[in-house]
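Peer 1: Sequence first, then the predicted structure:
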Amino acid sequence: MTTPRPETLAKLTPVLTKRWLSPDAWRIGTYEQLDGYAALRKALKAHPDDLIQLIKDSGLRGRGGAGFPTGLKWGFIPQGDGKPHYLVVNADEGEPGTCKDLPLMTHDPHALVEGVIIASYAIRASRAYIYIRGEAVHAARRLRNAVQEAYDKGYLGRNILRSGYDLELVVHSGAGAYICGEETALLDSLEGFRGQPRLRPPFPATHGLYASPTVVNNVGTIASVPPIVLGGADWWKSMGTEKSSGPMIYSLSGRIVNPGQYECSMGVTLRELLELAGGMQPGHNLRFWTPGGSSTPLLAAEHLDVPLDFEGVAAAGSILGTTATQIFSDQDCPVYATYRWLEFYHHESCGKCTPCREGNYWMVRVYRRILAGQGTHEDLDTLLDTCDNILGRSFCGLGDGATSSVTSSLKYFKQDYLDYIEGRTAPKLSEKTLVGAH
Ligand SMILES: Cc1cc2nc3c(=O)[nH]c(=O)nc-3n(C[C@H](O)[C@H](O)[C@H](O)COP(=O)(O)O)c2cc1C
Ligand code: SF4
């Protein structure tokens, strides 16, 4: 195990995670003692437009994967249109490897509740929803308790803190489908329909929940709002890089000594994160990793010093995504890992569009063939051709994301595929898995 050097420890910037280890951190009493609801008091004295400007000035970008500028998104909500406005928090967190929103809601649910109230006030919403995935029972329980505590203390409901502002907040549990994390499928699911993506335009900013102007933001995005209100835009920008401001929760999993959440200024490298996490497990050497969940192209050991911000990861040919850093070693097989992810995408494909529904079905079968020792060289071309027909041709990002590990593993680890095809690696799957594969 490596002990982090002081200069690497200094890379930790706990802002969203700062209360997580406090006793009873999820209770309103603890929260109030540790700055809790001070930002709300400040925000309610400001004009909503000034809050939107503050978030624009901070450079905050969405933490749900795409990194869209949050202040800009809030600014798209038409004002004075006479329609109800909604804030919907995306707490679905279904991306494999991602583990930042659920711990946040479990340990510090009031940070999210306070962020919801401020964001709703800024976009002039009087009703907000938190859509949390169905399996997250413990986090949902904590969240519901926090919402009740906030109502009891007058932070939610009518005439919040005597400001004249009213807000109702509903915590809604989904049924547990990855596609319901896609924002328009989430809105359909929230309205009681089967969760499938909507055609865009129109965008949620004008035709979102119940065809009304809606902001959909990730948990981490909204929980970042109270610290920005308290600390100011310049303080927020003092962390991170020029175009990727602020701290970020990196969730590390896999072959490392101390898996978990590490909140650092954006732009930290995997080399530094590994040092913070105690290094690779004994006997393991880094071979491949995802910078932001399984929908992001794999990176290899040569990318240890890539700055993990939106621009740095893009320049290395991948996507920052959800900063879910899954670490694999020389004892892991990139072909098998990709196959397991494809099984996931095939299972979670909602079936609405042909490229994703059919493409993932067939790619799973090609992988089974390769892993059972019956693959051919032609299979590799078929995989690339199938990805070509999914990427950019699917109705939503699930299809695109499914191709990431296929194309990137073929780019960096083609030899591993050839070793199965040419008989140098023993088959990992039995022939029984090939029923219907040809
Ligand atoms: C298949 C799929 C799953 C997604 N899952 C999530 C999710 O679980 N949580 C999330 O915040 N965003 C998820 N997103 C991204 C959302 O569609 C949306 O961009 C995000 O909630 C916007 O919030 P942000 O601007 O604060 O990042 C997903 C996107 C796709 C295509
Ligand atoms: S890409 Fe996949 S998940 Fe998205 S709409 Fe098409 S079938 Fe559904």
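Peer 2: Now that the structure is in, tell me what you want to look at. Ligands and ions are numbered 1, 2, ... in the order given.
Peer 1: Spell out which parts of the stretch 101-250 of the chain neighbour ligand 1.
Peer 2: Counting by Cβ under 6 Å from any ligand atom, the stretch 101-250 of the chain comes close to ligand 1 at 178-179, 181-183, 216-218, 221. Where C-beta positions appear, they are placed from N, C-alpha and C, glycine not excepted.
Peer 1: Okay, and which of the residues you listed map to helices?
Peer 2: Within these, residues falling in helices by DSSP state H are 183, 221.
Peer 1: overlap between the residues of the stretch 101-250 of the chain next to ligand 1 and the residues near ligand 2?
Peer 2: Restricting those to those near ligand 2 - Cβ under 6 Å from any ligand atom - leaves Ile179.
Peer 1: Which members of the residues of the stretch 101-250 of the chain next to ligand 1 are classed as buried?
Peer 2: Neighbour counting with 16 or more other Cβ atoms under 10 Å marks 178-179, 181-183, 216-218, 221 as buried within these.
Peer 1: okay, those residues in a markdown table with pLDDT next?
Peer 2: Shown next, in a markdown table, are those (pLDDT from 0 to 100):
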| residue | pLDDT |
| --- | --- |
| Tyr178 | 97 |
| Ile179 | 98 |
| Gly181 | 98 |
| Glu182 | 98 |
| Glu183 | 98 |
| Val216 | 98 |
| Asn217 | 98 |
| Asn218 | 98 |
| Thr221 | 98 |
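Peer 1: Can you get me a residue count around the one residue in the stretch 251-400 of the chain that gets nearest to ligand 1?
Peer 2: The minimum distance from the stretch 251-400 of the chain to ligand 1, using Cβ to the nearest ligand atom, falls at Gly397 (2.9 Å). Counted with other Cβ atoms under 10 Å, the neighbours of Gly397 add up to 17.
Peer 1: quick one, what contacts it?
Peer 2: Contact analysis of Gly397 by Cβ atoms under 8 Å, 6 or more residues apart in numbering lists 65, 182, 295.
Peer 1: which one of those is nearest Arg365?
Peer 2: Distance to Arg365, by Cβ to Cβ, is smallest for Ser295 among the contacts of Gly397, at 20.9 Å.
Peer 1: how near is that closest one to Asp385?
Peer 2: In this view, Ser295 and Asp385 are 20 Å apart by Cβ to Cβ, to the nearest Å.
Peer 1: Tell me which of those two has more neighbours.
Peer 2: Between Ser295 and Asp385, counted using other Cβ under 10 Å, Ser295 has the larger neighbour count: 26 against 10.
Peer 1: The closest residue to the more buried one other than its chain neighbours: neighbour count?
Peer 2: Nearest residue to Ser295, sequence neighbours excluded (Cβ to Cβ, 6 or more residues apart in numbering): Gly401, at 2.8 Å. Close neighbours of Gly401, defined as other Cβ under 10 Å, add up to 25.
Peer 1: now Gly401: how far from ligand 2?
Peer 2: Separation of Gly401 from ligand 2 (Cβ to the nearest ligand atom, to the nearest Å) stands at 9 Å.
Peer 1: can I assume that residue sits in a helix?
Peer 2: Yes - judged by DSSP: H, G, I helix; E, B strand; the rest coil, Gly401 forms part of a helix.
Peer 1: buried residues in the host helix or strand of Arg365?
Peer 2: Assigned by DSSP states H and E, Arg365 belongs to helix 354-371. Using 16+ other Cβ under 10 Å as the test for burial, helix 354-371 gives 355-357, 359-360, 363-371.
Peer 1: The residues you listed: which ones sit near ligand 2?
Peer 2: The residues of the buried residues of helix 354-371 that also fall near ligand 2, by Cβ under 6 Å from any ligand atom, are 356-357.
Peer 1: so can I have CSV of the buried residues of helix 354-371 showing pLDDT?
Peer 2: Listed next are the buried residues of helix 354-371 as CSV, based on pLDDT from 0 to 100:
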residue, pLDDT
Pro355, 98
Cys356, 98
Arg357, 97
Gly359, 98
Asn360, 98
Met363, 98
Val364, 98
Arg365, 97
Val366, 97
Tyr367, 98
Arg368, 97
Arg369, 97
Ile370, 98
Leu371, 98
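Peer 1: between the buried residues of helix 354-371, which is closest to Trp74?
Peer 2: Distance to Trp74 across the buried residues of helix 354-371 (Cβ to Cβ) is lowest for Cys356, with 30.8 Å.
Peer 1: of the contacts of Gly397, closest to Ser189?
Peer 2: The nearest one, if we look at these relative to Ser189 and count by Cβ to Cβ, is Glu182, at 9.8 Å.
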